[in-house]
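> Need the 3D shape of this:
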Amino acid sequence: MRSSDDLGRTWTEPAEGNLRFPEGTDAALARVWQLQPAGDDRPEVVWAGVEPAALFRSDDAGETFSLVEGLWNHPHRPRWEPGGGGLCLHTVLPDPSDPDRMWIAISTGGVYRTEDGGGSWQARNDGVRVVFLPDKYPEFGQCVHKVAPAGGRPDRLYLQNHWGLYRSDDGGDHWQDMANGVPSDFGFPMVAHPTDPDTAWIIPLDSDQFRCTPDGQARVYRTRDAGDSWTPLTQGLPERDAWLTVLRDGFATDGLAPAGLYFGTRTGQLFASSDEGDHWQALAEWLPPVVCVKAAVVA
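Reported below is the predicted structural model:
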């Protein structure tokens, strides 16, 4: 894991891997899926979600990492199965109002939450459907694609599942379906508004068998009523022969007011909106496949 303290002008180059499984775990790092700083109040703490599904913590700004044993030793872990992208811990969400509370999402393990800084973890998947299992509502085993925290309301979360759109208003204890008026409830990314807890965006795909935008139309869908209804946002986006795929980390907001939005595609396009999705423009084309988009604002 490399880091920079001067906005990317120079980077650290560790002499050896600073993020690896300790001896005795019988596991080797395949890839890092998510790097998540703990917050402005703890600038030295960084979390890393990796494949095979595990969580690491750094207390020295990324110089060294240690395995979070409480999750690695969870009794569910031997029964987690890899999704199409591997057995990955792809989402890490520290609670900005409580330094000891955090959510993680695993494909295919589901959502887990800790209340004690990572010492213990509880599955939080009640109400989330698993279409490929005999028991459609198991305690764990959900193929979660992305979870986004609602701005201004710490207990509200939005979730894009492998088939399914959900909202929780109690920190993940219970989830309710909110796939109302969307062309498909299959997709990968989920982005929530930085300050309005009722607003979120998705980019639906046709199905798990045909992972492209429905009908070849590039459309972002927005809710302003916490998922009770969804509106397609199309102005500036290609409406014909646009068979696009946006992956779970390929959609982001910059946190401004109004919120800027950015998404990249597997076919190398990068689109942006400066008015919460009302209007879009193409920023780049013919890039390599875009798997991750991040936006930063520098004062």
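> contacts and neighbour counts: CA atoms only from here.
Will do.
> Name the nearest residue to Arg101, sequence neighbours excluded.
Glu115 (4.4 Å; C-alpha to C-alpha, 6 or more residues apart in numbering).
> Relative to Trp121, how far out is the one you found?
Distance, Glu115 to Trp121, by C-alpha to C-alpha, to the nearest Å: 8 Å.
> surely Leu71 meets Asp116?
No. With contact defined as C-alpha atoms under 8 Å, Leu71 does not count as touching Asp116 (11.8 Å).
> where does this protein have low pLDDT?
Applying pLDDT under 70 to the chain picks out no residues at all.
> show me where it has helices.
Applying DSSP state H to the chain gives helices spanning 69-72.
> ok now do the closest residue to Ala284 other than its chain neighbours, which residues does it touch?
Distance criterion C-alpha to C-alpha, 6+ apart; nearest residue to Ala284, sequence neighbours excluded, is Leu270 at 5.1 Å. Leu270 makes contact with Tyr262, Phe263, Gly264, Ala282, Leu283, Ala284, Glu285, according to C-alpha atoms under 8 Å, 6 or more residues apart in numbering.
> Is the last one in contact with Thr265, as I believe?
Which is Glu285. No. The criterion here is C-alpha under 8 Å, and Glu285 misses it with Thr265 at 9.5 Å.
> Those two: which is more packed in?
Thr265 (23 against 13; other C-alpha atoms under 10 Å).
> Who's the closest spatial neighbour of Asp170, skipping the chain neighbours?
Nearest to Asp170 is Asp155, by C-alpha to C-alpha, 6+ apart, at 5.1 Å.
> Restricting to C-alpha, output stretch 91-111 in CSV.
Coordinates of each C-alpha in stretch 91-111 appear next as CSV, following Å, rounded to 0.1, in the frame of the first residue of the first chain:
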residue,chain,number,x,y,z
THR,A,91,-16.9,-1.8,1.4
VAL,A,92,-15.7,-0.3,4.7
LEU,A,93,-18.0,2.3,6.3
PRO,A,94,-16.8,3.9,9.7
ASP,A,95,-19.6,5.6,11.5
PRO,A,96,-18.7,9.3,11.7
SER,A,97,-20.7,9.7,14.9
ASP,A,98,-19.2,6.7,16.8
PRO,A,99,-15.6,5.7,16.4
ASP,A,100,-16.3,2.2,17.6
ARG,A,101,-19.1,1.4,15.1
MET,A,102,-18.4,0.4,11.5
TRP,A,103,-20.0,-1.6,8.7
ILE,A,104,-18.3,-3.8,6.1
ALA,A,105,-19.7,-5.6,3.1
ILE,A,106,-18.5,-8.9,1.7
SER,A,107,-19.3,-10.7,-1.6
THR,A,108,-20.8,-13.2,-0.8
GLY,A,109,-21.0,-12.8,2.9
GLY,A,110,-23.3,-9.9,3.4
VAL,A,111,-23.2,-6.9,5.7
